[in-house]
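# A structural model of the following input is requested.
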Amino acid sequence: MLGKKLLTLACVVGILAFGACFGPGYKPPSPPSLRTLSGVRTIHVTVSNQSPSRHLEPAPLAQAIVSEINSRTRQTGLRAVAQGESAPPDGFLAVVILDESGAVKSRTNKLDPVPWRFVIKISATLTGSERNVLWSDPGTFYTDARALPKGSENSPIPGWDAPRLQDDLDRSLSSKFIEKMLYLK
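As a prediction, this is how the structure comes out:
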């Protein structure tokens with residue numbers, strides 16, 4: 001009986017040792033490849049809102065996109081500026097908000113914050129200094145779910161006039177958008 005236990009223990013130790021030393025091991029996923037943006041180092045960002053409702057302000061979204069690109073300068077080598085900043089750009093990013101909607105999701109307790117789902121459709125084109133198209137997206141839907149204070153569904157502009165909503169949506173949208181623009185997936 002003791003011999004079988006020792007044999008089992010030796011086998012387990014052998015399997016673990018072999019796996020740890022000679023097995024394939026864990027390989028973390030490789031980081032996404034950076035999109036090639038020939039000759040572009042500084043991107044001038046403009047945002048316009050052509051949606052029927054025009055809830056989101058273009059200037060804060062443009063600033064959020066600039067901040068997102070600049071936060072990745074070390075990895076990408078890119079820098080961004082918004083309208084009014086003086087830096088000679090060699091790339092131009094034109095972002096257009098095509099549609100924006102917000103809807104209350106179902107909730108079980110009327111005392112809880114109100115769960116909202118916002119959907120923003122954005123198109124964009126990145127051109128080089130010669131106006132050659134380097135990247136283009138005819139329109140992608142970006143979604144964002146968040147809980148807003150009670151009563152937000154009864155406001156004059158339901159959901160859209162909640163405190164800090166513009167800032168939160170701008171940060172969320174710019175992060176997802178820049179991820180799509182800069183990296184191949």
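
# so residue 109 sits in a strand?
No. Residue 109 is assigned coil when assessed by DSSP: H, G, I helix; E, B strand; the rest coil, not a strand.

# to what extent is it buried, counted in neighbours?
For residue 109, the count of nearby residues is 6 (other C-beta atoms under 10 Å). Where you see a C-beta, it was placed from the backbone N, CA and C, and this is true even at glycine.

# again, but for residue 112
Other residues close to residue 112 by other C-beta under 10 Å number 10.

# that one: what's it in contact with?
Residues near residue 112 by C-beta atoms under 8 Å, 6 or more residues apart in numbering: 147, 150.

# tell me which element it falls in.
Using DSSP states H and E, residue 112 sits within no helix or strand.

# same check, this time on residue 69
Per DSSP H and E: helix 58-71 holds residue 69.

# next one: that helix to chain centre, how far?
In terms of C-alpha atoms, centre = their mean, to the nearest Å, the centre of helix 58-71 is found 12 Å from the chain centre.

# ok, now stretch 160-172?
For stretch 160-172, the distance to the chain centre is 15 Å (C-alpha atoms, centre = their mean).

# next SSE downstream of the worst-scoring helix or strand of the chain on mean pLDDT?
For the chain, using mean pLDDT, DSSP states H and E, the weakest element among its helices and strands is helix 2-22, scoring a mean of 71. Later in the chain than helix 2-22, the nearest helix or strand by DSSP H and E is strand 33-34.

# now that next one: average pLDDT?
Strand 33-34 shows a mean pLDDT of 86.

# can you check stretch 133-141 too?
Stretch 133-141 comes out at a mean pLDDT of 95.

# got the buried residues for it?
Within stretch 133-141, the residues scored as buried using 16 or more other C-beta atoms under 10 Å are 134, 135.

# so where's the protein uncertain?
16-26, 156 (pLDDT under 70).

# nearest the geometric middle of it, what residue?
With distances taken as C-alpha atoms, centre = their mean, the residue of the chain nearest its centroid is residue 176 (1.4 Å).

# that one: what secondary structure?
When classified by three-state DSSP, residue 176 comes out as helix.

# how much space between it and residue 137?
Distance of residue 176 to residue 137, computed by C-beta to C-beta, to the nearest Å: 12 Å.

# same question, residue 111
From residue 111 to residue 137 the distance is 41 Å (C-beta to C-beta).
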